[in-house]
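Participant: Okay, structure incoming, though there's no sequence with it:
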């Protein structure tokens, strides 16, 4: 019983420490920054020893990581201790250097991130260099900035890539080179599709009153066309958020539909599921949601006899027709300034790579007439007259242009026919593709001299004309997660640069909400540690002992309190990004399925294609060392590896 009481006393003490740890850390944060600014003045009054203590405290703050409150209290003891403490300034140079190196090795052994030594602290940086045998061998380390700046204009790396090893770089056009004004551009398709649904397919006239809201949607969602639901799932295919049309689906219904469905695990790859991989699909999604709401709550016999799948199919057909019949193309041609965004870095980027000898190609699903309109506007920075447009001077930026490519079929079907485009009239001429190239004296070189603008074809034609021997010699830049990234990599082995315009807002919000994120991480860690402690008590204690039972009951109550605190914090975090769907790269506490595909299939990703112009052909993209959960825990400065066998 005495042992159990001691255990209870220990737990109570730890609970108080944990509780005050969070509160004290909030109080100490501004105090830390005051110390950081004033410790040189204070040290002059207190002496050299306390100056070093201030330096250590300031270095902890400069890491911008959560500082264990115990570290603060440990440092504060240096002010009151009567013992003589030896600091680097108290020893000779040789011993001092060794002591600093030993201190560095000790920090590294305790999981301190080596990144903090690379910037902002020259002394610690020298320790790192000395520990790996690089001291005095690098001439420009001193030129490194005091702080690493991170921007959405950076290109982020999932898989190592050296641009110098590439034979060619290819670009999609829509939402890649050609960025569109939202919602103006989307409304062309939305309004056009509404008119077709009513006038051609007999939908109720109320459809004409629908208003487009692009802000309701985000990429990475899945449309369940059979049930009329919109889903956000995590990387384990667990549905975290769901809506039926415009209405939220509660947790119980969501689990019945997608988690406990007659012992069948949903793969979300069946034909009834549509992935929202591109910004084009926002139009489809919003029309579908509005029609579901009209079907469920309106009194329209026409819709009563339509399934959700039929309604979605009609929407898809109507939107596709808008892309083909001039509803979109003709309006953009009349007023490109209203619909296209001029990116001042795009043309210089293409010219730079062309000058450096890199082969460039344009591969787009848009047909020639629209491609010519959009690219002329982007090239000249304004709408041009008919005579100038027919010159198509932008063509000089590319070694090959393929329009109407029908991706992803372009990457799958080796029998698709290649046609040559007459740029002046837009007419097509048959070619014999690879056979014709092989028959010419100089092969693809002679074939391209006849003309380098084509429609259709397949990957074999492209590889032959680009002189590519294997798929990994191509870097393809595109915005469509499936057609441009996943399929090109799985089928052809192309390297990929995924374009995510949303990245600018995602990074901005993430940075602004770091304090909230740190609170969530802290509470989650606290929850896990209490859970581990409870398991230890259950394993070692007597389950029939009333005092043990009371402790465990109290810990269960603590778990409920923590969960009730954590849930609103996480909801607040997600709503900071999007009021309905949350952070694009997260679903609950997990990576979203969208994040999973981005990490696994895109070699690189960035916010806009022109960012490629911020790096040279000598650039090597490298990843950070990856780690799995057990490695991350061992590396964590607040954990220690327990080598004991719990069964002993």
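Facilitator: Alright, I've got the coordinates. Just so it is clear, the structure is predicted and the values come from calculations on it, not from any experiment. Numbering: from 1, shown residues only.
Participant: in what helix or strand does residue 354 lie?
Facilitator: Using DSSP states H and E, the element containing residue 354 is helix 346-355.
Participant: counting contacts, what elements does that helix pack onto?
Facilitator: strand 359-363, helix 368-380 (3 or more Cβ pairs under 8 Å, 6 or more residues apart in numbering; DSSP states H and E). Placement of C-beta: from N, CA and C, glycine included.
Participant: Would you mark the buried spots in it?
Facilitator: Using 16 or more other Cβ atoms under 10 Å as the test for burial, helix 346-355 gives 346-347, 349-350, 352-354.
Participant: about what we covered before: dump the helices and strands packed on helix 346-355 into JSON lines; add mean neighbour count, mean pLDDT and distance to residue 487 as well.
Facilitator: Output for the helices and strands packed on helix 346-355, formatted as JSON lines (neighbours: other Cβ atoms under 10 Å; pLDDT from 0 to 100; distance: least, Cβ to Cβ, whole Å):
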{"stretch": "strand 359-363", "mean neighbour count": "22", "mean pLDDT": "98", "distance to residue 487": "12"}
{"stretch": "helix 368-380", "mean neighbour count": "21", "mean pLDDT": "96", "distance to residue 487": "21"}
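Participant: Serialize those to TSV and add fields for distance to residue 190.
Facilitator: Formatted as TSV, those follow (distance: least, Cβ to Cβ, whole Å):
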stretch	distance to residue 190
strand 359-363	27
helix 368-380	18
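Participant: So for residue 627, which of the ones you listed sits nearest?
Facilitator: Comparing those against residue 627 with Cβ to Cβ, the closest turns out to be strand 359-363 (36.4 Å).
Participant: give the contact list for residue 359.
Facilitator: By Cβ atoms under 8 Å, 6 or more residues apart in numbering, residue 359 lies in contact with 167-169, 399-400, 466-467.
Participant: These: which two are farthest apart?
Facilitator: Of all pairs in those, the most separated under Cβ to Cβ is 169 and 467 at 13.6 Å.
Participant: Give me the more crowded residue out of the two.
Facilitator: residue 169 (22 against 14; other Cβ atoms under 10 Å).
Participant: if I've got this straight, the more buried one is in a helix?
Facilitator: No - read with DSSP: H, G, I helix; E, B strand; the rest coil, residue 169 is strand and lies in no helix.
Participant: That one is in contact with residue 474, isn't it?
Facilitator: Yes - in this structure, residue 169 is within contact of residue 474 by Cβ atoms under 8 Å, at 7.5 Å.
Participant: Show the pLDDT at residue 643.
Facilitator: Looking at residue 643, its pLDDT stands at 91.
Participant: swap that for residue 615, sorry
Facilitator: 96.
Participant: Let me see the contact set for it.
Facilitator: Residue 615 sits in contact with 155, 163, where contact means Cβ under 8 Å, 6+ apart.
Participant: hmm, 10 Å instead?
Facilitator: Listed by Cβ atoms under 10 Å, 6 or more residues apart in numbering, the contact partners of residue 615 are 154-155, 163, 349, 352, 621.
Participant: Columns distance to residue 371 and pLDDT on top of those, output as CSV?
Facilitator: Output for the contacts of residue 615, formatted as CSV (distance: Cβ to Cβ, whole Å; pLDDT from 0 to 100):
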residue, distance to residue 371, pLDDT
154, 29, 97
155, 25, 98
163, 26, 97
349, 18, 98
352, 22, 97
621, 29, 97
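Participant: what's the closest of the residues you listed to residue 420?
Facilitator: The shortest approach to residue 420 among the contacts of residue 615 belongs to residue 349, at 27.9 Å (Cβ to Cβ).
Participant: which residues does the residue lying closest to residue 344 once chain neighbours are set aside contact?
Facilitator: With sequence-adjacent residues excluded and distances taken as Cβ to Cβ, 6 or more residues apart in numbering, residue 344 is closest to residue 610, at 7.9 Å. Contacts for residue 610 were tallied using Cβ under 10 Å, 6+ apart; they are 153, 177, 179, 343-350, 499.
Participant: Starting from residue 179, give me the distance back to residue 610.
Facilitator: Distance, residue 610 to residue 179, by Cβ to Cβ, to the nearest Å: 9 Å.
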